[in-house]
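Novice: next input, structure requested:
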Amino acid sequence: MKPYFEERISKHEVIRTFSPDVNESELEWHWDEEDRLVTPIEETDWQFQFDNELPFTIKGVINIPAGAIHRVIKGSGELKVKILK
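Specialist: Got it, this is the predicted structure:
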């Protein structure tokens, strides 16, 4: 089971929602097979982290190259992002 709910908007675009009740242990380091652009839909205090870098608050567009190891770090409330693959 995924730690998020995903709604497909188009062939290359989804809205992904992480519940405030998600267990932090489910937010694992991972990599994706394609480039992605991630944009928060609402202001959040959740964070994003690339491997071997410091975490930062999710704001603006995050460019995630294919194969880049990364994770999200739980904040308060819900996290809702638009992902363009």
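Novice: do me a favour and get the end-to-end distance for stretch 13-28?
Specialist: From its first residue to its last, stretch 13-28 covers 22 Å (Cα to Cα, to the nearest Å).
Novice: now do the contacts for the residue positioned nearest the centre of the chain.
Specialist: Centroid-nearest residue in the chain, with Cα atoms, centre = their mean: Val72, separated by 5.6 Å. With contact taken as Cβ atoms under 8 Å, 6 or more residues apart in numbering, Val72 is in contact with Phe18, Leu27, Trp46, Gln47, Phe48, Gln49, Ile58, Leu79. All C-beta spots, glycine's among them, are computed from the backbone N, C-alpha and C.
Novice: name every strand pairing with the helix or strand where the fifth one lies and say which way it goes.
Specialist: What it means is Phe48. Taking DSSP states H and E as the criterion, Phe48 maps to strand 47-50. Strand pairing for strand 47-50, determined by DSSP bridges: strand 56-57 (antiparallel), strand 70-73 (antiparallel).
Novice: which SSE is immediately downstream of the last one?
Specialist: Towards the C-terminus, the helix or strand next in line after strand 70-73, according to DSSP H and E, is strand 79-84.
Novice: quick one: mean pLDDT for that next one?
Specialist: Mean pLDDT, strand 79-84: 98.
Novice: given that strand, what are its sheet partners and their directions?
Specialist: Sheet partners by DSSP bridges: for strand 79-84, these are strand 13-18 (antiparallel), strand 36-40 (antiparallel).
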